[in-house]
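here is my input, please return the structure:
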Amino acid sequence: MFYQGYFTIMAKDKSRYFTFLLYPESIPEDWKSKLELIGVPIAISPFHDMDEKTDKSKWTPDDVIRNGKHYKKPHYHVVYVAKNPVTADSVRYKIKQLLGDRSIAKVQIVVRSMASMYSYLTHESKDAIEKKKHKYSKHDITLLNNFDIDRYITLDVEDKDDMLNDVCDLIDDHNLANMRELRRF
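All right, here's what the predicted structure looks like:
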């Protein structure tokens, strides 16, 4: 098992939520339209070309060097939402079929929260902020097949209680007698 905060890799584990990296030199020019053909909700990060590597022990020949600073190889982060629970291997196989054998190395299961993973697309997650990663614009996130982060966020018990209290207050304040009146409101 590989575990790194937001995601994990296990060959037989199933999930609906996955993430992976794509490198421009390993994918066809029409890669976004091909991903759209899969028919599942997908979110694509802005082009990550400013991810600085500050740990000299992790510098590699693949690094991009600008003004004496080392940067990770430019890439895109992708969040993939399967229709049903599937394995990471099946997602990787599907992507390779569409984009080519060199397109993707590993697919990881999102294990923490989809909200945090989505925030990581622009380095606005708590982890990315703590590591002082370069922040990318939310406006540059590409959403395919009606990806809507709000559909994948789970409310905690306190949030649910607050919402229920708001609805009850609304019912009391407006003397609503039944569900039909509440629905019409």
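
can you tell me what sits against the one helix or strand Ser116 maps to?
Here Ser116, judged by DSSP states H and E, is contained in helix 114-120. Under the criterion Cβ atoms under 8 Å, 6 or more residues apart in numbering, residues 6-7, 17, 19, 43, 77, 79, 110, 125-128, 149, 152-153 lie in contact with helix 114-120. C-beta: built from backbone N, CA, C; applies to glycine.

try stretch 76-86
By Cβ under 8 Å, 6+ apart, stretch 76-86 touches 14-24, 35, 40-45, 47-48, 91, 107, 110, 114, 117-118, 120-121, 147, 152.

list the buried ones in the longest strand along the chain?
Using DSSP state E, we find that the single longest strand of the chain is strand 76-87. Using 16 or more other Cβ atoms under 10 Å as the test for burial, strand 76-87 gives 76-82, 86-87.

adding distance to Ile171 and pLDDT, write these out as a markdown table.
Below are those laid out as a markdown table (distance: Cβ to Cβ, whole Å; pLDDT from 0 to 100):
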| residue | distance to Ile171 | pLDDT |
| --- | --- | --- |
| Tyr76 | 47 | 97 |
| His77 | 43 | 97 |
| Val78 | 43 | 98 |
| Val79 | 37 | 97 |
| Tyr80 | 40 | 98 |
| Val81 | 34 | 96 |
| Ala82 | 38 | 96 |
| Val86 | 42 | 97 |
| Thr87 | 45 | 96 |
